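> based on what follows, work out the 3D shape:
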Amino acid sequence: MMEPRSRERIGNEPMRQSERGLMTTDPEHKHDDLAQQTPSEGHDIDSSGLSPEDTAPLSIDPSRLSEATSIAESEKSIMAASKSGTNLDTLIGRLVIDQGLATAEEVKHALTLARELEEDSNKSLAHVLVDREFVTKRQLARLREVIEAERSGNKITGYKILGKLGAGAMATVYKAKQISLDRLVALKKLPEKYSQNPQFIERFFAEGRAAAQLNHPNIVQAFDVGNEGDIYFFVMEYVEGRTVHDDISAHKRFDEKGAIDIIIQVAEALEHAHQRGLIHRDVKPKNIMITKEGVVKLADMGLARAISDKEAAEAEAGRAFGTPYYISPEQIRGEKDIGPPADIYSLGATLYHMVTGAVPFEGKSPSAVMHKHLKTELVPPDHVNPKLSAGISEVIEMMMAKRVKERYHSCTDLLVDLKAVRSGELPPIAHKDVLPEADLSALVEAEAQAEAAGIREDSAKKPSPFMDRMLWPPFVIVVALLLISLLINILLGIA
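Model prediction:
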C-alpha cells in the first residue's frame, strides 16, 4: 500500500513526506509573492527502485533482481548521507527501530538471519528485513531522509529529529520527539541561507509568536520558539491526519452536514483568533486539518497579522497576500484595514469548494482569478449543486459578499447562522426576507387590528337595511306612479 503523503504548498507543487501523518503548517512564508494554488494536486514520482521490465535479464527472476538493485541503492544512499564510520547493518537497524518500522526483537531476529545467510547469499540486514516484510523497499529508501534530517537538526537541544516532513523555500519541517515530555512534535526550521537575514528571521519569529498567542482545541498549537546559534526554529503540535483538500480530491465534495460541522469548528477557531486581535489571512482547504478522531485544526499562521499592527499594514499596503482561489477582495486590493471579514470571505470560499466540488472562481492565471473575486457575480452554490439547502447557500453568499459591510461582521454572527442551518432552520441573519417570529406575530396582530378598525368605520357610514329598500329603484318608480295617479284623481274630482 502506498504511504500517505503530506503536501508542502509551493505554488502548485506537492511535498514529499517520509512519515505517516501530515505536517502542521506550511513551511513556506508567503509574504513576498502571492502563492498560487490549484484545486488539484500533483503526484510524487517514486524513484526508490527500478521496474522489473527495465532491469531483468531473461535468465533471472525480474522481481528478485529489481529488489536487490533497489535495496543496494538504498544502502548506498544511506551510507552516503550518514558520512560516518558506523556499520551499515547497525545504522539501518537503529533507524528502523527509531522510526517504528519494526521492533527491536524483529530487527535482532533479522540480524541473526542475515549473519547466518551472509556466507551463502551475501544478504545484508536490509535484504532480510524486506524479505521478511518487516519493512518495504520504499520505507528503506526513505531512511536516507531521516539521516539527512538528523544531520541538519541535531543541534537543537531537547529534541530528537525523527525525519523530515517537508521542505519549502522558506522553511523545513521535521517530525521530532521532545525528549523532556516524550511527545511527538513538528519542528519548523529556517534554512541556513536565511539565518543571517534579519528580515527573514523576524518574519519567521512573527509566525511563531502569532501561533503562540492562541490556545484553542481547533488551532494547531505552538509550543516553543527560539534559536541555537544560527539555527532558528519553532515547535508545534504534531497533527496526524488529513486536510480538507485531501478529502475534496478524494471525494470531490462534502455532504452539507459534514461540511457545516467542519466549518463550525474552523469558525470557532477564527473567532478565538479574532478576539485576540489576530487575522489569519490564508484560510483554505489545505490549511484545515482533520485528525483521525475527527477534530478539525486550523493550521499555518504564516500570513497571520495583528489587526492593530498599523506599521505592518503600512508596509504591506498595495500588495496582495493570500491564495488566489480563496482570497478576499480587500486583500487583493492591498487595503490597510484588513479585519475578520477577510477571513470570513476565505472561509466562505472554502465552504463553497467543499459543498460544490468547485472553487468559486476559475481563471487561466492568478490575476484572472483575483479579478473575478473583485468583479464577477458569484454563482449561487445551490445552482452548482441542487442538493444543497437554500439556507447554506444564503450563508455562503453572505460570507462571500464583495462589500465588507454586506458580509458577516464577526464569526460570532456567522456561527449563529451555521448552527441554525445545521438544525434544519433558516439562517436568521442571512435570510433577511423573513422577520423573526416575535416581529412576525406583532405584524399579524397589527394587520388584524387594522382590519377590525376598517370594518367599524365602514359600518358607521353605511345606510340601514330599511333605507336600502326605500331607495331600491323599482320601489321608487312604483311610489312615483301611485302619487301621479292620486294627483290626477284629485283634479278630476274638483272638475
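> every contact and neighbour count from this point should use C-alpha atoms.
OK.
> show me where the stretch 101-250 of the chain has its helices.
Using DSSP state H, counting those that start in this stretch, the helices of the stretch 101-250 of the chain run over residues 104-121, 125-131, 137-153, 198-212, 244-251.
> as JSON lines, those with mean neighbour count and mean pLDDT would be great.
Rendered in JSON lines, the data for these read as follows (neighbours: other Cα atoms under 10 Å; pLDDT from 0 to 100):
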{"stretch": "helix 104-121", "mean neighbour count": "15", "mean pLDDT": "76"}
{"stretch": "helix 125-131", "mean neighbour count": "22", "mean pLDDT": "81"}
{"stretch": "helix 137-153", "mean neighbour count": "21", "mean pLDDT": "66"}
{"stretch": "helix 198-212", "mean neighbour count": "18", "mean pLDDT": "80"}
{"stretch": "helix 244-251", "mean neighbour count": "17", "mean pLDDT": "93"}
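> Ile279: which of these is closest?
Checking the helices of the stretch 101-250 of the chain against Ile279 by Cα to Cα gives helix 198-212 as the closest, at 9.6 Å.
> and stretch 392-399, C-alpha only, in CSV?
In CSV, the C-alpha atoms belonging to stretch 392-399 read as follows (Å, rounded to 0.1, in the frame of the first residue of the first chain):
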residue,chain,number,x,y,z
ILE,A,392,-26.5,27.1,3.4
SER,A,393,-26.5,28.9,0.0
GLU,A,394,-27.7,32.1,1.7
VAL,A,395,-24.9,31.8,4.4
ILE,A,396,-22.2,31.3,1.8
GLU,A,397,-23.4,34.2,-0.3
MET,A,398,-23.3,36.5,2.7
MET,A,399,-19.9,35.2,3.7
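> re earlier: closest to Glu335 out of the helices of the stretch 101-250 of the chain?
Nearest of the helices of the stretch 101-250 of the chain (Cα to Cα): helix 198-212, 20.1 Å.
> ok, and what's touching that closest one?
Helix 198-212 has contacts (Cα atoms under 8 Å, 6 or more residues apart in numbering) with 29, 190, 194-195, 220-226, 232, 234, 278, 301-305.
> please apply the same query to stretch 405-417.
Contacting residues not belonging to stretch 405-417 are listed as 264, 267-268, 270-271, 340-341, 344-345, 395, 398-401, 426-430 [Cα under 8 Å, 6+ apart].
> 10 Å instead, please
Stretch 405-417 is contacted from outside by 263-272, 274-275, 339-345, 391-392, 394-401, 418, 420-421, 423, 425-431, using Cα atoms under 10 Å, 6 or more residues apart in numbering.
> now a ChimeraX select for only the buried ones of those.
The buried residues among those can be selected in ChimeraX (16 or more other Cα atoms under 10 Å) with this line:
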select :263,264,265,266,267,268,269,270,271,272,274,339,340,341,342,343,344,345,391,392,394,395,396,397,398,399,400,401,418,420,421,426,427,428,429,430
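> for Gly454, give me the pLDDT.
Note on Gly454: pLDDT of 61.
> next one: the one 3 residues further on
Taken from the predicted model, the pLDDT recorded for Glu457 is 56.
> tell me the spacing between Tyr326 and Ile260.
18 Å (Cα to Cα, to the nearest Å).
> what about stretch 404-415, start to end distance?
18 Å.
> buried residues, it. List them.
404, 407-411, 414-415.
> mean confidence score for the longest strand along the chain?
Using DSSP state E, we find that the single longest strand of the chain is strand 159-167. Averaged across strand 159-167, pLDDT comes to 79.
> what residues of that strand count as buried?
Buried-residue list, strand 159-167, by 16+ other Cα under 10 Å: 159-167.
> now tabulate the residues you listed in CSV and tack on distance to Glu105.
What follows is those, written out as CSV (distance: Cα to Cα, whole Å):
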residue, distance to Glu105
Tyr159, 26
Lys160, 22
Ile161, 23
Leu162, 20
Gly163, 22
Lys164, 26
Leu165, 27
Gly166, 31
Ala167, 34
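> sorry, back to before: more neighbours, Tyr326 and Ile260?
Shown here are Tyr326 and Ile260; by other Cα atoms under 10 Å, Tyr326 has more neighbours (30 against 20).
> without its sequence neighbours, what residue ends up closest to that one?
Nearest residue to Tyr326 in three dimensions, chain neighbours excluded: Ser346, at 4.8 Å (Cα to Cα, 6 or more residues apart in numbering).
> how many neighbours does that neighbour have?
By other Cα under 10 Å, neighbour count at Ser346 equals 27.
> which residues sit in contact with it?
280-285, 322-329, 352, 399-400.
> now, which of these lie within helices?
329, 352, 399 (DSSP state H).
> so which of these is the closest to Ile290?
Of all the ones in helices among the contacts of Ser346, Tyr352 has the smallest distance to Ile290: 18.1 Å, by Cα to Cα.
> count of neighbours near that closest one?
27.
> try Ile179
12.
> could you list the buried residues of stretch 93-101?
Buried residues in stretch 93-101 (16+ other Cα under 10 Å): 93, 95-96, 98-99, 101.
> from those residues, which single one is nearest Lys372?
Among the buried residues of stretch 93-101, and counting by Cα to Cα, the member closest to Lys372 is Gln99, at 47.1 Å.
> quick one: low-confidence parts of the stretch 351-495 of the chain?
Applying pLDDT under 70 to the stretch 351-495 of the chain flags residues 433-444, 446-447, 450-472, 495.
> now the helices for it?
366-375, 381-384, 390-399, 411-422, 437-461, 465-470, 473-494.
> state the pLDDT value of the closest residue to Lys177 other than its chain neighbours.
Excluding the flanking residues, the one nearest Lys177 by Cα to Cα, 6+ apart is Leu184, at 4.5 Å. We have a pLDDT of 93 for Leu184.
> then Ser47?
Per-residue confidence (pLDDT) for Ser47: 32.
> pretty sure Thr291 is touching Val239, no?
Yes - if you go by Cα atoms under 10 Å, Thr291 and Val239 touch, sitting 6.7 Å apart.
> tell me which of these two has more neighbours.
For Thr291 and Val239, the more surrounded residue by other Cα under 10 Å is Val239, and the numbers stand at 22 against 15.
> wait, the more buried one sits on Ala186?
Yes - the criterion here is Cα under 10 Å, and Val239 meets it with Ala186 at 8.1 Å.
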